[in-house]
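Undergrad: Sequence below, structure please.
(chains A and B)
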Amino acid sequence: MTAPDYPGLDTLALHAGAQPDPATGARATPIYQTASFCFPDSDYAASLFNIERAGHVYSRLSNPTNAVLEERIAALEGGVGAIATASGQAALHLAIITLMGAGSHIVASAALYGGSHNLLAYTLPRFGIETTFVDPRDPQAFANAIQDNTRLVFGETLGNPSLDVLNIPAIAEVAHAAGLPLMVDSTTTTPYLIKPFELGADIIQHSATKFLSGHGIVIGGLLVDSGQFDWEASGKFPTLSEPYAGFHNLIFTEEFGPSAMIQRARKEGLRDFGACMAPTSAFHILQGIETLSVRMARHVENTRAITAFLLEQEQVTRVGYPELDGHPDQALAAELLPNGCGAVFSFDLAGGRAAGIAFVDALSVFSHLANIGDAKSLVIHPASTTHHRMDAAALAAGGIGEGTIRLSIGLEDPKDLKADLKQGLRAAGKAAGGGR
Amino acid sequence: MRIEVHGQPVYCYTNSRDIDASKPSIVFIHGSGMDHIVWTLAARHFARHGNNVISVDLPGHGRSEGMPLSTVEEMANWIVGVLDTLKIDQAALVGHSLGSLISLECAASHSPRVRAIALVGTTTPMPVSDAILNAAESNDHAAFDMLTQWGFSKRHQFGGNRNSGIWMIGNTLRLYEQSGPGVLFHDMRACNEYIAGTEQAAKISCPTLLILGAEDRLTPVRSTRALQEAISSPIVEVLPEAGHTIMVEAPNAMLDALHRVL
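TA: Numbering: from 1, shown residues only, chains lettered A, B, ... in the order given. The predicted model follows:
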């Protein structure tokens, strides 16, 4: 007799967390669009407030639609639990404020999404939390930056904008040796491409707005707890291992064991900061996750086709995708991301800023906007948009050239994407003085 | 709360309260490879309702030191040791799976110390398959996988936790993974070798509640007939949407059922 197999990723993406609606039998997860929930009697109400029963009180704290999404992403990532938040930024903030307070310190990859970088570099210092940014390709740099007051190590599975592949096993080892958890932002990879918990990460953050949804119609975030980090043994996390006056001296590690972190995040962070997800958003994200594998496979297939196409173009001086020769993380990508390195990458155009602007303006299938991970292909010229305040030297320091273009490859027919890109290249050539 | 039982430092959860001699006491006993965490909701509930709650970590489990005990009889004696240490004359016992056998044995062999028992996910005898025993003996992760998957009803293989945000399969698996080497094997062997359960059940004189999962695949309802017949006037609650992991699959229904004897 052997153990039955656990359900596979595709099956979990469709079913995890969901049961036919007990009230109506509805097969799709209903949108429970309600702020609050009736109590059958006073003792039942008291038992919900005191964490004695399972159930819902108020949709800032929990909601049945959100609960399905939370259980689904926890299942897909192989964690113990999750919280749906108002945005990916809210998920990052929720993790940080659950684990630390003023006087604490974070070691983070220098190659982060701009919003995350802003939070860590400019906003959190006002609240007494400092961050040291290090080279994501250098595990020793993470080790060297850890201080006595460090409480978190953080990076992105694929760094921004150069797609630095985070060496999760090596950096997890560094973090764990110092009694610290490793948190990764897996927005661009999703559980289809990488399972960070299996590689040693302890906490995962998603912007669910991106590939998990695919449709680009909602803002949402997810925070997932592996349940593997020993908060008590570390001795550095009193929010989890010491009595919490805000909840009748509840000690989260004592009462919830492996789910201590995610429970505290809900009982305190979601309660007090209130960055919850709207149930309708959870519903939309669930619809996206149902087709995650199908979409991600096509995203990667199209991305490979487009990168190959771009490599053949004279005006393209660099294509930065970890699977390609010349990318510094090619070997690591093959090891950690065998199913592909996502669908967001950048390339450099000859002709500088003028060429970049002309290229973007000439595209019609690609949408010019500041997002990634849509089923539709997206484009942006960082030097004239997201990084427009930087001069050439500052851009270069961030790995961005004046002719750098970022693409998020969607699910269209690749021949149409290539035709559109050719259109852009012609316009870029004219702008650069090539006359083509 | 850290206490000493038979000279061994051990831990029991008491909802951060001291034992109050004027209150009734309830001892919660976890199943194989688990610890007090499985009883958090129920223990909090009955603490608020004016009881001393003592949710134990059996020796070698959770936060308790020592080697795991080998037989259900030894574990029952150990529970009496907990009562002695805490100066509790009589308590109600609530046990899940292995914990239910310990509760049963306590009620039969130490009847003056037990005022009621609630047996959750139980049966007698409680044979364990060679596949699980062999895997547990070799500390093979497959033992955790088998117990996790078969421990939940088929309907809950995909979750559907009423406790928001917790992936019930993952959380249960993680609890097993945190047990020490050999702990699960000791527990499963104790279940397998406790063959006197039905005979002992006939000696029970206190109110006895059986809480069974209608979709339990490890201790199916049909296997409890002999136990039900052996106990004098048992109260039997069969929870319709639960497998063996009743505390997780039907926490509210279990709580309501427990009120019948607590």
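Undergrad: From now on I want contacts and neighbour counts done on CA atoms only, so please keep to that.
TA: Fine.
Undergrad: in the lowest-mean-pLDDT helix or strand in chain A, what's buried?
TA: Across the helices and strands of chain A, the lowest-confidence element by mean pLDDT, DSSP states H and E is helix A:392-397, at a mean of 76. Applying a neighbour-count criterion of 16 or more other Cα atoms under 10 Å in any protein chain shown, the buried positions in helix A:392-397 are A:392, A:395.
Undergrad: Leaving out chain neighbours, which residue sits closest to the residue most central in space within chain B?
TA: Nearest to the centroid of the C-alpha atoms of chain B, with distances taken as Cα atoms, centre = their mean, sits B:His96, at 2.5 Å. Ranked by Cα to Cα, 6 or more residues apart in numbering or on different chains and with sequence neighbours excluded, the top spatial neighbour of B:His96 is B:Val120, at 4.6 Å.
Undergrad: Quick check: phi and psi at the one you found.
TA: B:Val120 adopts backbone torsions of phi -110, psi 120, taken as degrees, to the nearest 10.
Undergrad: pLDDT value on it, please?
TA: Here, the pLDDT recorded for B:Val120 equals 98.
Undergrad: close enough to count as contact, it and B:Ser100?
TA: Yes - counting by Cα atoms under 8 Å, a contact exists between B:Val120 and B:Ser100, whose distance comes to 6.2 Å.
Undergrad: The chain: strands as residue ranges?
TA: Just going to use chain A. Listed in chain order, the strands found in chain A under DSSP state E are A:81-85, A:105-109, A:130-134, A:150-156, A:182-185, A:203-207, A:221-225, A:316-320, A:344-349, A:367-368, A:378-380, A:404-408.
Undergrad: actually it's chain B I care about, not the one you picked
TA: Using DSSP E, the strands assigned to chain B run over residues B:2-5, B:8-13, B:25-29, B:52-56, B:91-96, B:114-120, B:208-213, B:235-239.
Undergrad: Which one, of those strands, ends up nearest to B:Val128?
TA: Proximity of the strands of chain B to B:Val128 was assessed by Cα to Cα; the nearest stretch is strand B:91-96, lying at 15.4 Å.
Undergrad: and the stretch 1-150 of chain B, which of its residues are near chain A?
TA: Taking Cα under 8 Å from any Cα of the partner chain as the contact definition, the stretch 1-150 of chain B meets chain A at B:16, B:37, B:40-45, B:131, B:142-143, B:145-146, B:149.
Undergrad: Filter the residues you listed down to the buried ones.
TA: Looking at the residues of the stretch 1-150 of chain B next to chain A with 16+ other Cα under 10 Å, the buried ones turn out to be B:37, B:40-45, B:142-143, B:145-146, B:149.
Undergrad: out of those residues, what pair is the most spread apart?
TA: Taking Cα to Cα, the two most distant members of those are B:His45 and B:Ala142; they sit 34.1 Å apart.
Undergrad: what's near enough to touch the closest residue to A:Gly410 other than its chain neighbours?
TA: The spatially closest residue to A:Gly410, leaving aside those adjacent along the chain, is A:Ser377, at 4.1 Å (Cα to Cα, 6+ apart). Counting by Cα atoms under 8 Å, 6 or more residues apart in numbering or on different chains, A:Ser377 makes contact with A:365-367, A:407-412.
Undergrad: Is it possible to get CSV of those that adds neighbour count and pLDDT?
TA: Listed next are the contacts of A:Ser377 as CSV, based on neighbours: other Cα atoms under 10 Å in any protein chain shown; pLDDT from 0 to 100:
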residue, neighbour count, pLDDT
A:Val365, 17, 98
A:Phe366, 23, 97
A:Ser367, 17, 97
A:Leu407, 24, 97
A:Ser408, 24, 97
A:Ile409, 30, 98
A:Gly410, 28, 98
A:Leu411, 20, 98
A:Glu412, 16, 98
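Undergrad: List just the nearest of those to chain B.
TA: Taking Cα to the nearest Cα as the measure, chain B sits nearest to A:Leu411 out of the contacts of A:Ser377, at 29.0 Å.
Undergrad: separation between the residue nearest to that closest one when sequence neighbours are not counted and A:His368?
TA: If you skip the residues right next to it in sequence, A:Leu411 has A:Ala375 as its closest partner in space, 5.4 Å away by Cα to Cα, 6+ apart. Taking Cα to Cα, to the nearest Å as the measure, A:Ala375 and A:His368 are separated by 14 Å.
Undergrad: circling back to that earlier point, and the residue nearest to A:Leu411, how many neighbours?
TA: 22 (other Cα atoms under 10 Å in any protein chain shown).
Undergrad: is it true that it touches A:Ile217?
TA: No - assessed by Cα under 8 Å, A:Ala375 is found out of contact with A:Ile217, at 10.8 Å.
Undergrad: Now do the helix ranked longest in chain B: distance to the chain's middle.
TA: Counting by DSSP state H, the longest helix found in chain B is helix B:72-85. For helix B:72-85, the separation from the chain centroid amounts to 14 Å (computed by Cα atoms, centre = their mean, to the nearest Å).
Undergrad: ok so, going back, which neighbours do B:Val120 and B:Ser100 share?
TA: Looking at what touches both B:Val120 and B:Ser100 (by Cα under 8 Å, 6+ apart), the common residues are B:Val94.
Undergrad: still on that earlier bit, tell me which other helices or strands the longest helix of chain B touches.
TA: If you count contacts as 3 or more Cα pairs under 8 Å, 6 or more residues apart in numbering or on different chains; DSSP states H and E, helix B:72-85 packs onto strand B:2-5, helix B:98-109.
Undergrad: if you set the cut-off to 6 Å instead, what comes out?
TA: The contact analysis (3 or more Cα pairs under 6 Å, 6 or more residues apart in numbering or on different chains; DSSP states H and E) places helix B:72-85 against helix B:98-109.
Undergrad: what angle do the helix it packs on and strand B:25-29 make?
TA: Between the axes of helix B:98-109 and strand B:25-29, defined by axes from the mean of the first three to the mean of the last three Cα atoms, to 10 degrees, the angle is 130 degrees.
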